[in-house]
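>>> What follows is a predicted structure for the sequence shown.
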Amino acid sequence: MPPKRDLNKVGTEQSDFPILCETCLGENPYVRMSKQEYGKECKICVRPFTVFRWNPGSGARFKKTEICTTCAKIKNVCQTCLLDLEYGLPTQVRDAALGRINTAPTSDINKQFYTQVMEQQMANTSSGMMADTHDAQLASSAAKEMLKEMARKDPHYKRNRPHICSFFLKGDCKRGNECPFRHEIPAENGLEKQNLQDRYYGRNDPVAKKILRDNAESKGLTPPEDKSVTTLIFLTLPVCGEPDVRSSLMSACPFIQAKQIKTITTVAASHCAFVIFQDRATAERVADSLTAQGGIEVLGKRGKVVWGRPRPAKKAITASATATAVSA
């Protein structure tokens, strides 16, 4: 057995096979791949890694791996599309449902050291996938079922289509039908600008936001238009106190800190609790996570989560009362 390498001297990665989802691999069962060692830098840990390139099928564009196998194993994602291998969903959706915390550093040097440490840990485990073990420990059955409902059942080979021709958009493409790119006007739906690092780390991913928004609307948890509303209401709770609700909330959403929760008020007669957060962004993130988990579990009973209502403006109340008095 060769001796372990010094973490401070490891700056590259080699691999024999890529980690790909069924969609990126393509519908053709016979795929020929080209392999180039140290072909490019990983888009996440910026280490040179082995790049694989292939054609997933007839009429599709050539695809290649974008991140190294170590980064893919850490998050359990495809090396090309960076979607979760089990559910085919963005990591932001999966992490919201499973209540996972992003502990990866942001600076390039720290990211390299973090990746190398995780690589050593995976070498000492039997599974090799860090995210699978973590999910098995944290995920509830309700969260897993919710992810299965949101997941696409069949491969989405439409993602392998050629890119849109930039010359066609400018009205200057002279290839016509021989152009290998698509001649169509892109739909402006807010999903055009996607960043690989945002998708990998699960932050500001427009596709994930759309999935979470559609799921919230289907569950009747559409965020109110009034941005001043930062209150979530937990319904159908058992007889409990403020510490029980706080403990369950921190356990279901470990990404929030205690100081981000402004107040928690329980109403025993109505079996509900009012949770006010310091800012709207935190409230929306908690709402997305709890919706993906199918509610919040307090003392063994699962409760429903809804948004609070905006308070009516005092001036409007005064004006309404004055108009009523004058008319009388």
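In hand now; what should we look at? The structure displayed is predicted, hence computed values, not measured ones. Numbering: from 1, shown residues only.

>>> so where's this structure uncertain?
1-11, 103-109, 125-140, 142, 190, 311-328 (pLDDT under 70).

>>> residue nearest the centroid of it?
Nearest residue to the geometric centre of the chain (CA atoms, centre = their mean): Gln92, 0.9 Å.

>>> count of neighbours near the nearest residue to Pro206 once chain neighbours are set aside?
In space, not counting the residues next to it along the chain, Pro206 is nearest to Leu191; the distance is 5.0 Å by CB to CB, 6 or more residues apart in numbering. C-betas here are computed from N, CA, C, even on glycine. A count of neighbours around Leu191, defined by other CB atoms under 10 Å, yields 13.

>>> got a list of what Leu191 touches?
The contact partners of Leu191, by CB atoms under 8 Å, 6 or more residues apart in numbering, come to 206-207, 210.

>>> Select only the buried ones of those in ChimeraX?
In ChimeraX syntax, the buried subset of those is picked out as below (16 or more other CB atoms under 10 Å):
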select :206,207
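
>>> a markdown table please, covering the contacts of Leu191 and showing distance to Arg199 and secondary structure.
Output for these, formatted as a markdown table (distance: CB to CB, whole Å; DSSP: H, G, I helix; E, B strand; the rest coil):
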| residue | distance to Arg199 | secondary structure |
| --- | --- | --- |
| Pro206 | 9 | helix |
| Val207 | 8 | helix |
| Lys210 | 13 | helix |
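
>>> Closest to Val51 out of the contacts of Leu191?
Val207 (24.4 Å; CB to CB).

>>> residues touching the closest one, list them.
90, 191, 194, 199.

>>> Same question for Pro162.
59-61, 180-182.

>>> What sits closest to it if chain neighbours are left out?
Arg61 (4.4 Å).

>>> Same check on Glu66?
Nearest to Glu66 is Lys43, by CB to CB, 6+ apart, at 5.2 Å.

>>> where's the one you found relative to Ile67, distance?
Distance, Lys43 to Ile67, using CB to CB, to the nearest Å: 5 Å.

>>> Where do the helices of the protein begin and end?
22-25, 69-75, 91-98, 108-123, 130-138, 141-150, 166-169, 196-201, 206-218, 242-252, 280-292, 314-327 (DSSP state H).

>>> wait, Cys24 sits on Pro56?
Yes: using CB atoms under 8 Å, Cys24 is in contact with Pro56, at 6.6 Å.

>>> Check the contact lists of the two and give me the overlap.
Common neighbours of Cys24 and Pro56 (criterion: CB under 8 Å, 6+ apart): 63, 160.

>>> Spit out the residues that contact Lys43 and Ile67 alike.
196, 200.

>>> Neighbour count: these two, which is higher?
Using other CB under 10 Å as the criterion, Lys43 and Ile67 rank with Ile67 on top: 25 against 18.

>>> Among the contacts of Val207, the buried ones, what's the PyMOL command?
Applying 16+ other CB under 10 Å to these, the buried members can be selected in PyMOL as follows:
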select buried, resi 90+199
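
>>> Which single one of the contacts of Val207 is nearest to Gly220?
Pro90 (22.8 Å).

>>> buried stuff in stretch 41-54?
42-45, 47-52, 54.

>>> ditto for stretch 163-178
Residues of stretch 163-178 classed as buried: 165, 168 (neighbour count, 16+ other CB under 10 Å).

>>> end to end, how far does it reach?
14 Å (CA to CA, to the nearest Å).

>>> His271 touches Val245, doesn't it?
No: the criterion here is CB under 8 Å, and His271 misses it with Val245 at 11.6 Å.

>>> Those two: which is more packed in?
Neighbours per residue (other CB under 10 Å) separate His271 from Val245, with Val245 holding more: 24 against 16.

>>> got a list of what the residue nearest to that one when sequence neighbours are not counted touches?
Using CB to CB, 6+ apart and skipping residues adjacent in sequence, the residue nearest Val245 is Ala273, 4.7 Å away. With contacts defined as CB under 8 Å, 6+ apart, Ala273 is in contact with 233-234, 237, 240, 242, 245, 264-267.
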